[in-house]
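[1] sequence and predicted model, in that order:
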Amino acid sequence: MNTSDSYLLVLLLAIGISLVLTPLADVAGRRWRITARFGGRRLSQGDARRVSKLGGLALYGAFTMSVLAAQLLPVPRLDPYEVIRLTGLLFGGTVIFAVGLLDDIFELSPLQQFLGQFAAAAIAIVFQIFIEFVNNPFTGAQTAPWSFLVTVGISFFWLVGMMNTVNWLDGADGLAAGVACIAGVILFANSAFRVNPPQASVSLLHLALVGASLGFLVFNFHPARIIMGGGAPFLGFALGSLSIIGGAKMATILLVMGLPLLDSMWQVFSRLRQGKNPFQGDRGHLHFRLQDMGVSTKVMVVGYYVFCAVFGGLTLVTTSQVFKFIVMSLMAVIAVIGFWFVNRRYYSGAASSSGAVAAPTAPVPSSFATSDEIAEPAPRPFE
């Protein structure tokens with residue numbers, strides 16, 4: 001079996017497992033009443049229909065089983081620490097998946113969720129998944145290895161940041177899964193075709209993520225039959241770890257995930273300025289604001305796909321670090337201008353409709369649920 005066959009096998013295996021597990025997760029969520037609730041920042045049609053939020057079970061299962069199967073394939077393995085890092089990826093992923101599952105069932109506090117993210121990041125770092133240098137954007141040369149404290153601090157910040165970014169991105173049908181799929185494709189293309197020599201074994205991990213996300217997206221795209229719930233932090237952990245394993249590709253993942261990352265930074269700053277918990281979710285994120293302004297979910301989600309794919313794809317055009325730095329700067333400028341424009345339209349629309357500056361609320365999707373259904377609190381799981 002050649003390397004290309006191995007790539008195809010892992011991709012199809014991940015898609016197939018995800019296609020099988022997602023309907024099962026749908027049935028389990030509804031059977032055990034682990035379903036979405038309408039209210040707060042969750043105002044989508046899926047929330048009103050109380051769809052299962054056990055989609056993370058399918059993502060975790062498809063990714064983990066495909067990664068384990070990939071270890072049996074005869075591909076070149078160049079990293080002497082690969083087994084150690086793979087252990088950290090799977091162990092840390094299992095921890096954050098378990099925390100997400102507990103959150104789906106018991107609704108953990110932001111502090112409890114953060115502690116779970118901290119534990120998963122700590123496991124990854126202990127198992128050699130960390131950032132100890134970057135490439136100078138002007139010379140292309142690697143920086144000198146950082147001290148232990150700097151390496152640990154930056155790695156924690158990156159992994160926890162990615163977990164929260166994907167978690168906050170999961171606010172519209174198909175958004176987080178689709179963006180993660182695009183990020184996985186870009187990472188695969190970089191490690192399989194642009195790195196010399198190619199990192200075949202690492203590329204298989206990227207394809208496992210792509211396949212798991214793609215199979216789940218079949219059921220999660222608007223109108224969603226299931227949402228990933230606590231699986232979103234797991235997806236963020238996997239993306240953050242895979243962008244490090246096999247050599248940090250920070251410019252690549254920063255360009256693919258640039259818009260969600262900048263949106264997360266914007267919200268953290270905004271919440272801190274208002275004296276709020278920066279990890280407490282709200283409808284301040286860009287995708288929520290666009291929905292509240294009347295932009296259709298499909299248009300908004302596809303717009304995210306295009307933005308992330310275009311800027312991520314530009315990293316594959318050339319190896320020039322200066323080019324990537326320029327593109328990253330351009331992306332940041334476009335994003336900031338977009339945030340400013342949406343923020344202005346968002347509050348001006350609220351002021352013109354109510355006479356006071358207040359965030360508008362999304363309309364209740366009456367075609368999917370009656371007012372009685374929405375007003376009645378959802379039963380607690382296992383009741």
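    In hand now; what should we look at?

[2] show me the shaky parts of the chain.
    Within the chain, the stretches with pLDDT under 70 are 38-48, 136-141, 246-249, 280-281, 349-383.

[3] go through it and flag its longest helix.
    Counting by DSSP state H, the longest helix found in the chain is helix 321-354.

[4] give the buried residues for that helix.
    Within helix 321-354, the residues scored as buried using 16 or more other C-beta atoms under 10 Å are Q321, K324, V327, M328, M331, A335, G338, F339, Y346, G349, A350. Where C-beta positions appear, they are placed from N, C-alpha and C, glycine not excepted.

[5] and for stretch 20-38?
    Result for stretch 20-38 [16+ other C-beta under 10 Å]: buried residues L21, T22, A25, D26, G29, I34, T35, A36, F38.

[6] next: stretch 98-105.
    A98, V99, G100, L101, D103, D104, I105.

[7] measure how far stretch 240-260 is from the centre of its chain, please.
    12 Å (C-alpha atoms, centre = their mean, to the nearest Å).

[8] circling back: now tabulate the buried residues of stretch 20-38 in TSV and tack on distance to L207 and secondary structure.
    As requested, the buried residues of stretch 20-38 are exported to TSV (distance: C-beta to C-beta, whole Å; DSSP: H, G, I helix; E, B strand; the rest coil):
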residue	distance to L207	secondary structure
L21	17	helix
T22	18	helix
A25	21	helix
D26	25	helix
G29	27	helix
I34	29	coil
T35	31	strand
A36	30	coil
F38	36	coil
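
[9] which residue is nearest the middle of the chain?
    V166 (3.0 Å; C-alpha atoms, centre = their mean).

[10] output the contacting helices and strands for the strand or helix carrying R30.
    Using DSSP states H and E, R30 sits within helix 3-31. The contact analysis (3 or more C-beta pairs under 8 Å, 6 or more residues apart in numbering; DSSP states H and E) places helix 3-31 against helix 55-70, helix 200-220.

[11] that one vs helix 200-220, what angle?
    40 degrees (axes from the mean of the first three to the mean of the last three C-alpha atoms, to 10 degrees).

[12] for the helices and strands packed on helix 3-31, which one sits closest to L78?
    helix 200-220 (7.4 Å; C-beta to C-beta).

[13] show me what that closest one is packed against.
    Partner elements for helix 200-220 (3+ C-beta pairs under 8 Å, 6+ apart): helix 3-31, helix 55-70, helix 82-106, helix 175-189, helix 231-242.

[14] can you pull the contacts of F279?
    Contact analysis of F279 by C-beta atoms under 8 Å, 6 or more residues apart in numbering lists P110, L111, Q113, F114, N164.

[15] just the buried ones from those residues?
    Q113, F114, N164.

[16] what is the helix or strand encompassing the second one packed up against?
    So that's F114. According to DSSP H and E, F114 maps onto helix 110-126. If contacts are counted by 3+ C-beta pairs under 8 Å, 6+ apart, helix 110-126 sits against helix 82-106, helix 148-169, helix 231-242.

[17] quick check: angle from it to helix 82-106?
    170 degrees.

[18] ok, and what's touching helix 110-126?
    Contacts of helix 110-126 (C-beta under 8 Å, 6+ apart): 88-89, 91-93, 95-96, 98-100, 103, 108, 130, 152, 155-156, 159-160, 163-164, 233, 237, 241, 277, 279-280.

[19] select only the buried ones of those residues in PyMOL?
    The buried residues among those can be selected in PyMOL (16+ other C-beta under 10 Å) with this line:
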select buried, resi 88+89+92+93+95+96+98+99+100+103+108+130+152+155+156+159+160+163+164+233+237+241+279
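
[20] sorry, back to before: and the two most separated of the contacts of F279?
    L111 and N164 (13.3 Å).

[21] tell me how many other residues surround P223.
    Neighbour count of P223, defined by other C-beta atoms under 10 Å: 16.

[22] three-state assignment of it?
    coil (DSSP: H, G, I helix; E, B strand; the rest coil).

[23] isn't it up against D173?
    Yes. Taking contacts as C-beta atoms under 8 Å, P223 lies within contact range of D173: 6.4 Å.

[24] burial measure for the residue nearest to I154 when sequence neighbours are not counted, as a count.
    Of all residues not flanking I154 in the chain, I131 sits nearest, at 5.3 Å (C-beta to C-beta, 6 or more residues apart in numbering). Residues near I131, counting by other C-beta under 10 Å, number 21.

[25] surely I131 is within a helix?
    No. Applying three-state DSSP, one finds I131 to be coil, outside a helix.

[26] I'd like the distance between the residue lying closest to V268 once chain neighbours are set aside and M265.
    Spatial nearest neighbour of V268, excluding adjacent residues (C-beta to C-beta, 6+ apart): P278 at 4.4 Å. As judged by C-beta to C-beta, to the nearest Å, P278 and M265 stand 10 Å apart.

[27] and E107, by the same measure?
    26 Å.

[28] go on, Q128?
    Counting by C-beta to C-beta, the gap from Q128 to M265 is 28 Å.

[29] neighbour count winner among these two?
    Q128 (17 against 12).

[30] got a list of what the residue nearest to the centre of the chain touches?
    Taking C-beta under 8 Å, 6+ apart, one finds A176, V179, A180, A232, P233, L235, G236, L239, P260 in contact with V166.

[31] how about those, which pair is most distant?
    V179 and P233 (14.6 Å).

[32] good, wrapping up.
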